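*Asks:* have a look; sequence and predicted model below, questions after that.
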2 protein chains.
Amino acid sequence: MINQSTLLIKQFVGLIKLGAFPNTLEFVEELGQKVILDLNLTVVNKMSHIFSPAGITMGYILSQSHLIIHTYPENGIIHVDLVMCSDHNETEFKDSLTQALSKYDVHSIEIKSVVP
Amino acid sequence: MINQSTLLIKQFVGLIKLGAFPNTLEFVEELGQKVILDLNLTVVNKMSHIFSPAGITMGYILSQSHLIIHTYPENGIIHVDLVMCSDHNETEFKDSLTQALSKYDVHSIEIKSVVP
């Protein structure tokens, strides 16, 4: 039986403005892994793409939904998209990003919640 | 030089409520391909995962950013997340989903825009 009312999908989008950061897959994977560990998420598949001349996308399918990171080094911007069917809130997501990027010159981290 | 003001990231999230639909990778790939063709997007990498007992996630990295589809057949719900650095609007996205699912018993398609 279909019950459309029982599914809660939460989505948080983080827009991070920062100074120089490495245009490397290692940098993006480290950021992804820190958020995944911190929020206790489970990866079931992943993919990446290195753009030319700059920018990297790293995507994870989670057992809780997905995490996608796009970097725009030439703009000093990182976009992080987290969709979850689990019980985390906006503050936990922001704290996780803040901690993961503590070595870098972060100007701002803006989180948007997509209300279902 | 870093210029954080020149990057426009658009994000649309579609929550589709519908009757029975196939719990197959083919169904999800067909939906993804139709949206990609319709909005003239370019795939650079893709991945998928089949959940047990039901539900499929299909993710595409696009040269314009990403498209991720999650299906929840037991809830009659499809979640479609599109992030783009290109010039489409909410109506084009909704039209594209409506057309791609025209064979199915769609109850509602709700689009949220994530304003940067």
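*Replies:* Nice, thanks for sending it over. Numbering: from 1, shown residues only, chains lettered A, B, ... in the order given.
*Asks:* quick one: which helix or strand includes the residue nearest the centre of chain A?
*Replies:* The geometric centre of chain A, computed from its C-alpha atoms, lies nearest to A:Val80 (C-alpha atoms, centre = their mean), at 3.3 Å. Per DSSP states H and E: A:Val80 is located in strand A:77-84.
*Asks:* show me what that strand is packed against.
*Replies:* strand A:10-18, helix A:25-38, strand A:65-72, strand B:65-72, strand B:77-84 (3 or more C-beta pairs under 8 Å, 6 or more residues apart in numbering or on different chains; DSSP states H and E). (Each C-beta comes from the backbone N, C-alpha and C, glycine too.)
*Asks:* any chance of these in TSV, plus mean pLDDT and distance to B:Gly32?
*Replies:* Shown next, in TSV, are the helices and strands packed on strand A:77-84 (pLDDT from 0 to 100; distance: least, C-beta to C-beta, whole Å):
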stretch	mean pLDDT	distance to B:Gly32
strand A:10-18	94	19
helix A:25-38	97	22
strand A:65-72	96	14
strand B:65-72	96	6
strand B:77-84	94	9
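*Asks:* tell me which of those sits nearest to B:Ile111.
*Replies:* Nearest to B:Ile111, of all these, is strand B:77-84, at 9.1 Å by C-beta to C-beta.
*Asks:* what's in contact with the closest one?
*Replies:* Here strand B:77-84 makes contact (C-beta atoms under 8 Å, 6 or more residues apart in numbering or on different chains) with A:4, A:7, A:9, A:11, A:65-66, A:68, A:70, A:79, A:81, A:83, B:9-18, B:21, B:31, B:35, B:39, B:41, B:62, B:64-72, B:93, B:97, B:101.
*Asks:* nearest spatial neighbour of A:Gly59, skipping sequence neighbours?
*Replies:* A:Ile68 (4.6 Å; C-beta to C-beta, 6 or more residues apart in numbering or on different chains).
*Asks:* got a list of what that neighbour touches?
*Replies:* Per C-beta under 8 Å, 6+ apart, neighbours of A:Ile68: A:57-60, A:80-81, B:59, B:66, B:68, B:83.
*Asks:* and A:Val13, by the same measure?
*Replies:* A:79-82, A:111-112, A:114, B:11, B:114.
*Asks:* same thing with A:Glu74?
*Replies:* A:53-55, B:2-3.
*Asks:* which of those tops the neighbour count?
*Replies:* A:Gly55 (19 neighbours; other C-beta atoms under 10 Å in any protein chain shown).
*Asks:* if you count neighbours, what's buried in the host helix or strand of A:His49?
*Replies:* According to DSSP H and E, A:His49 maps onto strand A:43-50. Within strand A:43-50, the residues that qualify as buried are A:43, A:46-49, counting by 16 or more other C-beta atoms under 10 Å in any protein chain shown.
*Asks:* before we move on, what about stretch A:17-34?
*Replies:* Those would be A:17-18, A:21, A:23, A:27-29, A:31-32, A:34, for stretch A:17-34 by 16+ other C-beta under 10 Å.
*Asks:* ok, and which of these reach chain B?
*Replies:* With C-beta under 8 Å from any C-beta of the partner chain as the criterion, these include A:Lys17 near chain B.
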